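[1] dropping a prediction and its sequence here:
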2 protein chains.
Amino acid sequence: MNQSRQLDLEQFLPYRLSLLSNTISQAIAREYEARFGLSVTEWRVLAVLGRYAGLSAGEVAERTAMDKVAVSRAVARLLANERIRRGVHSGDRRRSVLALTPKGQRIYDQVAPRALEYERELLQVLDAEERIWLERLLSKLTGNGLDAVRRIPLPRAGAAR
Amino acid sequence: MNQSRQLDLEQFLPYRLSLLSNTISQAIAREYEARFGLSVTEWRVLAVLGRYAGLSAGEVAERTAMDKVAVSRAVARLLANERIRRGVHSGDRRRSVLALTPKGQRIYDQVAPRALEYERELLQVLDAEERIWLERLLSKLTGNGLDAVRRIPLPRAGAAR
DNA sequence: GCGTTATAGTTTCAGATGAAACCTTTTGCA
DNA sequence: TGCAAAAGGTTTCATCTGAAACTATAACGC
């Protein structure tokens, strides 16, 4: 990256990651929106429920790394479109129990293979060895890397406001 | 990644990238905001101008991968706080000529090393070989990978709306 | 039991965002 | 020249977003 010292945005790791990630996400999001009227948040909820029916809103939030407000809103829209249904947990009436409707299932069945195709296409520019490294680097950065970043202390104020 | 077929959000490359990128960005953004009252967009503009004084708004947009609306707003706020100044290009009065003020420069001088520290901290969990691969993978994915994704054709409608 | 605290989820409010419309200056060209 | 089209930026509008406040239910401590 930067051979350290001067900061160059184009070379700055967080910036590069953000650029890569946003470009990919937007390309996919555009298609979800155009074909199914699905936002990214709705798509994530759908994807998780397609795999694990019966989750509560909170559990969906965990698995999608969305906050509960975002989940609540995505769920509301999916319900309005009858793509999911909501029941109440027996034994805890605060908890919801979410699952795809047949309509939601049909959308999921179309969207999921599409998503995998995007992934395949992206990975296709990498050879086998590179893919292994990618997996390894992603895991390491997501695990230890994020922990390290989170441990960085805020420096003493010095407010240059 | 997915050994293909079933879609599992946690294993899905675009999702993992987005998660990693957002977590890092948010950690840094929180500090910019707390210490300098800088949003990410403002910070990006500042970073680019700290390195290349005299750019126009459009040139800033290119280098930061922000759209011109976002740049316009970030510039407006930075101007209001007297962190940058704006001149008019001699010979093209549509064009702006942006540069840091001394105040902006002082902030840049504090923020830039901090940004590099975040990057260092993140990279610290990787050994030398891994860093080389990271560089290589990022370049490849950002170049060919994104091209490949962009080439994916939209499938015939089939609207399951 | 019964008040206090915690948890699941929704709503509100205020700020951020992107697309499209807009204004101004410049460019291309008949 | 003079006018249509393009380019640099800004504003508007409708939507999205997160934090904090709020509602309803459940769990805890006595």
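    Good, I have the coordinates. Residues are numbered from 1 along each chain as shown, chains lettered A, B, ... in the order given.
[2] spatially central residue in chain A, please.
    residue A:64 (5.6 Å; Cα atoms, centre = their mean).
[3] tell me the phi and psi of the residue lying closest to that one once chain neighbours are set aside?
    Using Cβ to Cβ, 6 or more residues apart in numbering or on different chains and skipping the chain neighbours, the partner closest in space to residue A:64 is residue A:44 (4.3 Å). For every residue, glycine as well, the C-beta is placed using N, CA and C. Listed backbone geometry of residue A:44 is phi -60, psi -40, with angles given as degrees, to the nearest 10.
[4] might one say that residue A:44 is in contact with residue A:66?
    Yes. Counting by Cβ atoms under 8 Å, residue A:44 does reach residue A:66; the two are 6.5 Å apart.
[5] mind listing the shared neighbours of those two?
    residue A:74 (Cβ atoms under 8 Å, 6 or more residues apart in numbering or on different chains).
[6] so between the two, which is more surrounded?
    When neighbours are counted by other Cβ atoms under 10 Å in any protein chain shown, residue A:44 comes out ahead of the other of residue A:44 and residue A:66, with 24 against 19.
[7] for that one, list the residues it contacts.
    A:64, A:66, A:74, B:9, B:15.
[8] whatever residue of chain A ends up closest to DNA strand D: what secondary structure?
    Nearest residue of chain A to DNA strand D: residue A:93, at 3.5 Å (Cβ to the nearest atom of the strand). Three-state assignment for residue A:93 (DSSP: H, G, I helix; E, B strand; the rest coil): coil.
[9] same question, the one 4 residues further on
    Here residue A:97 is strand, with the state taken from three-state DSSP.
[10] surely it and residue A:84 touch.
    No. Counting by Cβ under 8 Å, residue A:97 stays clear of residue A:84, with 10.5 Å between them.
[11] neighbour count: those two, which is higher?
    Here residue A:97 and residue A:84 are set side by side on neighbour count (other Cβ under 10 Å), and the busier one is residue A:84, at 24 against 17.
[12] how much space between the more buried one and residue A:134?
    Noted for residue A:84: a distance of 33 Å to residue A:134, by Cβ to Cβ, to the nearest Å.
[13] kindly report the residues of chain A close to DNA strand C.
    If contact is defined as Cβ under 7 Å from any atom of the strand, the residues of chain A in contact with DNA strand C are A:56-59, A:61, A:68-69, A:71-73, A:75-76, A:92, A:94-96.
[14] return the set of buried residues in the helix or strand bottoming out on mean pLDDT in chain A.
    Taking mean pLDDT, DSSP states H and E as the measure, helix A:146-151 is the helix or strand of chain A with the lowest mean score, a mean of 74. By neighbour count with 16 or more other Cβ atoms under 10 Å in any protein chain shown, helix A:146-151 contains the buried residues A:146, A:148-149.
[15] residue A:85 looks like it's in a strand, true?
    Yes. Secondary structure of residue A:85 (three-state DSSP): part of a strand.
[16] need the contact list for it.
    Residues touching residue A:85, when contacts are defined by Cβ under 8 Å, 6+ apart, comprise A:79, A:98-101.
[17] redo that, cut-off 10 Å
    By Cβ atoms under 10 Å, 6 or more residues apart in numbering or on different chains, the contact set of residue A:85 is A:49, A:78-79, A:97-104.
[18] show me which of those residues are buried.
    Taking 16+ other Cβ under 10 Å as the criterion, what is buried in the contacts of residue A:85 is A:49, A:78, A:97-100, A:104.
[19] quick one: which of these is nearest to residue A:119?
    The nearest member of those to residue A:119, counting by Cβ to Cβ, is residue A:49 at 19.8 Å.
[20] helix or strand for that closest one, which one?
    helix A:40-51 (DSSP states H and E).
[21] doesn't residue A:84 make contact with residue A:38?
    No. The pair residue A:38 / residue A:84 is not scored as a contact, 11.9 Å apart, by Cβ atoms under 10 Å.
[22] list residues touching both of the two?
    In contact with both residue A:38 and residue A:84: A:45-46, A:74, A:77-78, using Cβ under 10 Å, 6+ apart.
[23] quick one: which of the residues you listed is the most crowded by neighbours?
    Going by other Cβ under 10 Å, residue A:45 tops those with 32 neighbours.
[24] what's near enough to touch the residue lying closest to that residue once chain neighbours are set aside?
    Nearest residue to residue A:45, sequence neighbours excluded (Cβ to Cβ, 6+ apart): residue A:74, at 4.7 Å. Residue A:74 sits next to A:38-46, A:57, A:60-61, A:64, A:66, A:84 when contact means Cβ under 10 Å, 6+ apart.
[25] may I see the buried residues of the helix or strand hosting residue A:140?
    Secondary structure assignment for residue A:140, by DSSP H and E: helix A:128-140. When burial is assessed from 16+ other Cβ under 10 Å, helix A:128-140 yields the following buried residues: A:130, A:133-134, A:137-138, A:140.
[26] if anything else comes up later, I'll come back, but that's it for now.
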